[in-house]
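Asker: Here is my input; please provide its structure:
(one chain, ligands or ions: 1)
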Amino acid sequence: MKVFVVNCGSSSIKYQLFDMQDESVVGKGIAEKIGLPMGIVSLKIEGTGEKVERELPLPNHEVALATILELLTAKNIIRDKADIGVIGHRLVHAGEFYHSSVVVTEDVLEKMTECNDLAPLHNPHNITGVKTCQKLFPGAFHGGCFDTAFHQTMPDYAYMYPIDHSWYEKYKVRRYGFHGTSHGYVAQQAAEFLKKPLAKLRVITAHLGNGSSIAAISNGESVDTSMGMTPLEGLMMGTRCGDIDPALVFFAARKGVSLDDFDKLLNKKSGMMGVGGISNDMRDNWKAIHEGNKRAELAMKMFTYRLKKYIGAYAAAMGGVEAIIFTGGIGENDWDVRKMACEGLEYMGVELDPDKNKGLRSKLADISKPSSKVKVLVVPTNEELVIARESYRLYNETKKR
Ligand code: AMP
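Answerer: Here you go, the predicted model:
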């Protein structure tokens, strides 16, 4: 059985095709620049390493998905679309509706639409993705994993905002958290690596990528996380500000900045990009730092300082921590960020081993000293695999009924 995992954004679709017999990735790629005059669809065939790229206009998601399908068929990865029995969707915001992965039904889509206000940049595109796949693969089973689901175990005192309670009652304004599929996956991987049940561990998972978030996971359940009602809260990110004084909104309004411009400023022109002025990409920032750029250096110091503050806060929130886990493009690859984030945490039992840390990329490993009371791990994330597994599980369960 083949499971096709789809992650639909506003102008791109990332995809991976899994063979569930051994959970291997058969092919993966991305369709980009949907809606622009010229788009690109790429495919990497895992077995041979062959890479294929096609440039053509992609006016909408339907054309993009149909082109992906054509590529997969042309390269004999699938014979026809009936080969794809299950489609797994990455879904973003489920509000308080779902605590685990779902069979995607009309009811689920309606509930997601109700959450559109909470995730205007993500949910409408996810819904478009599902509807397009339903059209293109009429016989397929559709499963999905919500980014918010894993964090539904947070206690009310962690998820509520200290504002007028009626906002929660009327609009469901509260903290939801994101990257849940990743936080849950790396925590479980870490527990298996440490040969301890996750149900008996307190771990802090730092998912550091273009979007970054950190979670406190106690006894296998998310008890707090840094992203809030939207993925703008929390850690400093590539282009997003993370935690700031909300009074900046009034300040900006009084300066005549429009709501849309301020939205763009905080979501697209802040974080590493905004402070350093170089790039949202860590590698570019390091290059600038090595060339003596002081603002890029400041951005890096802020990024790691804010990360360290959250680690301390979550250790306090859980009354201790057994493992700190780094994942995501930065967490898995950037040993300097890991080093800077752990520096000075010796008082709480964190002893990073500089030799194990340096040079370690995208590999599950313990990078702490044997004497370290708190283990520090690098765990590569794999949200697509979780979505494939969950959708396949739901498919099998539904079939049995
Ligand atoms: P993600 O969103 O998880 O794909 O992560 C993207 C981020 O990971 C970008 O800021 C990249 O600069 C960063 N990244 C990827 N590879 C490396 C690397 N080898 N060293 C430092 N940062 C990296």
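Asker: Next to the ligand, which bits of the protein? Give me the list.
Answerer: Neighbours of the ligand within the chain, by CB under 6 Å from any ligand atom: Gly209, Asn210, Gly238, Asp281, Met282, Arg283, Gly328, Gly329, Ile330, Asn333, Asp334. (Glycine included, C-beta is placed from N, CA and C.)
Asker: Return the item of those residues having minimum pLDDT.
Answerer: For the residues of the chain next to the ligand, the model is least confident at Asn210; its pLDDT is 90.
Asker: Could you look up the SS state of that residue?
Answerer: State at Asn210, reduced to three classes by DSSP: H, G, I helix; E, B strand; the rest coil: coil.
Asker: Might one say that it is in contact with Gly329?
Answerer: Yes. Shown here, Asn210 and Gly329 form a contact pair, counting by CB atoms under 8 Å, at 7.2 Å.
Asker: if we can go back for a sec, what about the residues of the chain next to the ligand, which are in helices?
Answerer: Among those, DSSP state H puts Met282, Arg283, Gly328, Gly329, Ile330, Asn333 in helices.
Asker: got the phi/psi numbers for Leu58?
Answerer: For Leu58, the backbone dihedrals (degrees, to the nearest 10) come out as phi -120, psi 80.
Asker: how close does the closest residue in space to it that isn't next to it in sequence sit to the ligand?
Answerer: Closest residue to Leu58 apart from its sequence neighbours, by CB to CB, 6 or more residues apart in numbering: Gly39 at 3.2 Å. Distance of Gly39 to the ligand, computed by CB to the nearest ligand atom, to the nearest Å: 21 Å.
Asker: Gly39: neighbour count?
Answerer: When neighbours are defined as other CB atoms under 10 Å, Gly39 has 21 of them.
Asker: for Val41, same thing?
Answerer: 26.
Asker: swap in Arg175?
Answerer: Around Arg175 there are 20 other residues, counting by other CB under 10 Å.
Asker: Who are the contact partners of it?
Answerer: Applying CB atoms under 8 Å, 6 or more residues apart in numbering to Arg175 gives the contacts Met154, Ala158, Tyr159, Met160, Tyr161, Thr225, Met227, Gly228, Met229, Glu233.
Asker: Ok, Ala158 next?
Answerer: Ala158 touches Arg175, Val223, Asp224, Ala317, counting by CB under 8 Å, 6+ apart.
Asker: Next, the buried residues of stretch 335-342.
Answerer: Trp335, Val337, Arg338, Met340, Ala341, Cys342 (16 or more other CB atoms under 10 Å).
Asker: Which ones among those lie within helices?
Answerer: Short answer: the buried residues of stretch 335-342 in helices (DSSP H) are Trp335, Val337, Arg338, Met340, Ala341, Cys342.
Asker: who touches the first one in this structure?
Answerer: Remark: with contacts taken as CB under 8 Å, 6+ apart, Trp335 is in contact with Asn357, Lys358, Gly359, Leu360.
Asker: and which of these is nearest Thr304?
Answerer: Nearest to Thr304 among the contacts of Trp335 is Asn357, at 13.6 Å by CB to CB.
Asker: what's near enough to touch the closest one?
Answerer: Asn357 makes contact with Trp335, Arg338, Lys339, Ile367, Val376 under the criterion CB under 8 Å, 6+ apart.
Asker: rerun at 6 Å
Answerer: If a contact means CB atoms under 6 Å, 6 or more residues apart in numbering, then Asn357 has Trp335, Arg338, Ile367 as its contacts.
Asker: what about the helices in the stretch 101-250 of the chain?
Answerer: 106-114, 123-136, 156-159, 166-171, 180-194, 248-254 (DSSP state H, counting those that start in this stretch).
Asker: What's the mean pLDDT across the third one?
Answerer: It refers to helix 156-159. Averaging pLDDT along helix 156-159 gives 98.
Asker: Quick check: buried residues in that helix?
Answerer: Ala158, Tyr159.
Asker: Nearest to the ligand among the contacts of Arg175?
Answerer: Comparing those against the ligand with CB to the nearest ligand atom picks out Met227 as the nearest, at 13.9 Å.
Asker: any idea how far that closest one lies from Phe150?
Answerer: Remark: distance between Met227 and Phe150 (CB to CB, to the nearest Å) = 12 Å.
Asker: Who is Glu55 paired with across the strands?
Answerer: Ile40 (DSSP bridges).
Asker: ugh, wrong one, I meant Lys2
Answerer: Asp19, Ile84.
Asker: what about it, how many neighbours?
Answerer: Lys2, neighbours per other CB under 10 Å, totals 20.
Asker: So which residues of this structure form strands?
Answerer: 2-8, 13-19, 24-32, 39-45, 51-56, 84-91, 102-103, 141-146, 202-208, 212-218, 221-225, 323-327, 365-366, 375-378 (DSSP state E).
Asker: Mind checking those for the one nearest to Lys170?
Answerer: Of those, nearest to Lys170 by CB to CB is strand 141-146, at 22.5 Å.
Asker: Give me the residues contacting that closest one.
Answerer: For strand 141-146, using CB under 6 Å, 6+ apart, the contacting residues are 86-89, 91, 94, 98, 101-104, 181, 387, 390-391, 394-395.
Asker: So what's the gap between that strand and the chain middle?
Answerer: 16 Å (CA atoms, centre = their mean, to the nearest Å).
Asker: List the neighbouring strands of that strand plus their orientation.
Answerer: Strand 141-146 has the following strand partners under DSSP bridges: strand 84-91 (parallel), strand 102-103 (antiparallel).
Asker: Quick check: nearest residue in space to whichever residue of the stretch 301-401 of the chain sits closest to the ligand, chain neighbours excluded?
Answerer: Nearest to the ligand in the stretch 301-401 of the chain, going by CB to the nearest ligand atom, is Gly329, at a distance of 2.1 Å. Counting by CB to CB, 6+ apart, Gly329 lies nearest to Gly209, which is 4.4 Å off, once chain neighbours are set aside.
Asker: Could you verify my assumption that that neighbour touches Gly328?
Answerer: Yes. Gly209 is within contact range of Gly328, at 3.6 Å (criterion: CB atoms under 6 Å).
Asker: So which of the two has more stuff around it?
Answerer: Shown here are Gly209 and Gly328; by other CB under 10 Å, Gly328 has more neighbours (22 against 18).
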